[in-house]
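Asker: predicted coordinates and the sequence they were generated for:
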Amino acid sequence: MSSFEAVIEGIGRHGEGYIERDGRRLYLDGMLPGDRVRLSVARTGKPRLLRLIESSPHRIEPACEIADFCGGCALISLDYERALEEKERLLREAAEIDASNEAVETSATNEAVETSAT
């Protein structure tokens, strides 16, 4: 298992940082866009963080003093503007997936409703 350096590119839908490599996304908990990391990838494809080399310029000191121990707020260490950008990107990606999914069914019908006037 060899290691390599990468820069976290974005945030996944569960708040984990990701990089794209060989056509797929590798997710790392606790990492933010712009973090430079050293990681390895197991034969199973699961990435493992070896070291945070350099923190993202978007990383801020969390307002909550137990954030590092709790882990409940994935984006608490990301500055507000970048957090908004990531949330907007996630919404766009979700809309693209939904629009391209032919299996999506709707409950709306195209039947006309007849009304009677008295």
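Answerer: Everything's here; your move.
Asker: restricting to C-alpha, output the helix or strand of the chain with the lowest mean pLDDT in PDB.
Answerer: Here the helix or strand of the chain ranked lowest by mean pLDDT, DSSP states H and E is helix 67-70, holding a mean of 76. Extracted as PDB, the C-alpha positions of helix 67-70 are listed here (Å, rounded to 0.1, in the frame of the first residue of the first chain):
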ATOM      1  CA  ALA A  67     -15.900  20.100  18.400                       C
ATOM      2  CA  ASP A  68     -12.600  18.100  17.900                       C
ATOM      3  CA  PHE A  69     -13.800  15.500  20.400                       C
ATOM      4  CA  CYS A  70     -17.500  15.400  19.500                       C
END
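Asker: which is the next helix or strand following it?
Answerer: Remark: after helix 67-70, the chain's next helix or strand is helix 80-100, criterion DSSP states H and E.
Asker: average pLDDT for that next one?
Answerer: Average pLDDT, helix 80-100: 87.
Asker: below-threshold pLDDT in the protein: ranges please.
Answerer: By pLDDT under 70, the weakly predicted segments of the chain are 1, 71, 99-118.
Asker: ok, longest strand in it?
Answerer: In the chain, ranked by residue count with DSSP state E as the criterion, the top strand is strand 47-54.
Asker: report the buried residues of it.
Answerer: Applying a neighbour-count criterion of 16 or more other Cβ atoms under 10 Å, one finds 47, 52 buried in strand 47-54. Bear in mind the C-beta positions are built from the backbone N, C-alpha and C, glycine included.
Asker: in its sheet, what does it sit against?
Answerer: Next to strand 47-54 in the sheet, as set by DSSP bridges, lie strand 36-41 (antiparallel).
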